[in-house]
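Asks: What follows is a predicted protein model with its sequence.
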Amino acid sequence: MIDAPQAARLARAHAAKFLADGITLGTEGILESPSAWFFPWHHEGPPVAGSKGFLIEKATGRVHPLGSAYSAERDLKAFDAGYRFGHAWLVVTHLRDPRHAEEALRRLKIHEVTPEVAHGVEWRVPHLLTLKEIRTRLTQLPAKFGPIPVYFAVEELDEMRRHGEVTFVLENIPE
């Protein structure tokens with residue numbers, strides 16, 4: 001288990017790779033949760049888009065970069081609930097109500113890539129899964145979708161778990 005001083009050392013070492021003019025690792029605004037510490041970026045001038053900081057996982061010392069779309073409190077709560085913020089395969093293992101499950105999966109706005117070859121070039125253009133594609137895939141369980149960007153799907157995934165329409169696991173994809 002990583003303690004606070006170890007987490008701070010890991011945070012400084014990680015931050016050193018990314019520091020730019022006017023951006024520093026924050027010493028104020030550090031948050032702790034049962035499973036991680038949050039270390040914010042501090043910057044001079046207008047806000048920097050893309051990242052508000054990163055989490056240091058207490059159990060492993062792994063560094064998890066965060067986006068900037070949500071609050072640090074939301075991200076820590078999601079992390080404590082077991083969500084990891086890279087991309088993951090969504091594997092549906094059980095359906096309680098197929099129609100509600102289809103609708104829940106449609107709300108995730110899952111994009112997938114189907115490689116196509118034209119004129120000697122492989123095209124990898126993502127397309128939004130249709131309700132028909134979701135319905136067809138759910139006829140055979142387990143059904144694999146994605147990969148999905150977990151950071152932007154936490155609320156929908158939580159909703160699916162709470163209502164029990166879909167039982168699923170997330171298979172994280174190493175970055």
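Replies: Happy to help now that I have it. Fair warning: this is a prediction, and the values are worked out from it, not measured in the lab.
Asks: Can you name the helix or strand that residue 144 falls in?
Replies: In this structure, residue 144 sits in strand 143-149 according to DSSP states H and E.
Asks: Counting by contacts, list what that strand packs against.
Replies: Secondary-structure packing of strand 143-149 (3 or more CB pairs under 8 Å, 6 or more residues apart in numbering; DSSP states H and E): strand 87-95, helix 131-137. All C-beta spots, glycine's among them, are computed from the backbone N, C-alpha and C.
Asks: what does the first one contact?
Replies: Here strand 87-95 makes contact (CB atoms under 8 Å, 6 or more residues apart in numbering) with 101, 105, 108, 110, 138, 141-150, 157, 165-173, 175.
Asks: buried stuff in the next helix or strand after the strand holding residue 144?
Replies: As assigned by DSSP H and E, the chain's next helix or strand after strand 143-149 is helix 150-163. In terms of neighbour count (16 or more other CB atoms under 10 Å), helix 150-163 has its buried residues at 150, 151, 153, 154, 157, 160.
Asks: who's in contact with the closest residue to residue 164 other than its chain neighbours?
Replies: Among residues not flanking residue 164 along the chain, residue 96 sits closest, at 5.3 Å (CB to CB, 6 or more residues apart in numbering). Neighbouring residues of residue 96 by CB under 8 Å, 6+ apart: 164, 165, 166, 167.
Asks: now swap in residue 134 and tell me
Replies: Residue 134 touches 102, 105, 106, 110, 145, counting by CB under 8 Å, 6+ apart.
Asks: which one of the contacts of residue 96 sits closest to residue 122?
Replies: Nearest to residue 122 among these: residue 166, at 32.4 Å, using CB to CB.
Asks: Thought residue 101 was touching that closest one, still the case?
Replies: Yes - in this structure, residue 166 is within contact of residue 101 by CB atoms under 8 Å, at 4.6 Å.
Asks: Following the chain past the lowest-mean-pLDDT helix or strand in the chain, name the next helix or strand.
Replies: In the chain, no helix or strand scores lower on mean pLDDT, DSSP states H and E than strand 23-25, which sits at a mean of 66. Going down the chain from strand 23-25, the next helix or strand is strand 31-32, by DSSP H and E.
Asks: following that following strand, which helix or strand shows up next?
Replies: strand 36-43.
Asks: still on that earlier bit, most tightly packed of the helices and strands packed on strand 143-149?
Replies: strand 87-95 (a mean of 17; mean count of other CB atoms under 10 Å).
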